[in-house]
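# Need coordinates for the following:
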Amino acid sequence: MKFYTLLSLFVAASFAFVGCTPTQKGATTGAVAGAGVGALVAGDGNRGTGALIGGAVGGVAGAAIGNNKEKKQYQQQQQYYGPGY
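Numbers count the residues shown, from 1 in each chain. Below you'll find the predicted structure:
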């Protein structure tokens, strides 16, 4: 039963990324990963605060990485199609 629940959550999460820009994907992934790490690193009484701080830091870092990736894709597109495209 747990397997099917996790599988359905994974499939639903993969559909959430359809149509997102690399910046949005990076921000979402970074926020989720940061919240998880923040909750694990924080002490027993501070898990919520750790998740909030980790999610915020991870979201900003993920957005920066995604934005960099998006700029590289744009530059490659301009080199391939030319500056007028």
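# Would you indicate which residues of the helix or strand bottoming out on mean pLDDT in the chain are buried?
Using mean pLDDT, DSSP states H and E, helix 2-16 stands out as the lowest-scoring helix or strand of the chain, at a mean of 75. Across helix 2-16, burial judged by 16 or more other Cβ atoms under 10 Å covers no residue at all. Every C-beta, even on glycine, is put in place using the N, C-alpha and C of the backbone.
# distance between it and the chain's centre?
Between the mean C-alpha point of helix 2-16 and the mean C-alpha point of its chain there is a distance of 17 Å (Cα atoms, centre = their mean, to the nearest Å).
# so what does whatever helix or strand comes next after that helix touch, helix or strand wise?
Helices and strands here follow DSSP states H and E; after helix 2-16, the next one along the chain is helix 22-41. Judged by 3 or more Cβ pairs under 8 Å, 6 or more residues apart in numbering; DSSP states H and E, the packing partners of helix 22-41 are helix 47-81.
# the inter-axis angle of the helix it packs on versus helix 22-41?
150 degrees (axes from the mean of the first three to the mean of the last three Cα atoms, to 10 degrees).
# Can you give me the buried ones in helix 47-81?
By neighbour count on 16+ other Cβ under 10 Å, the buried set for helix 47-81 is 50-55, 57-59, 61-63, 65-67, 70.
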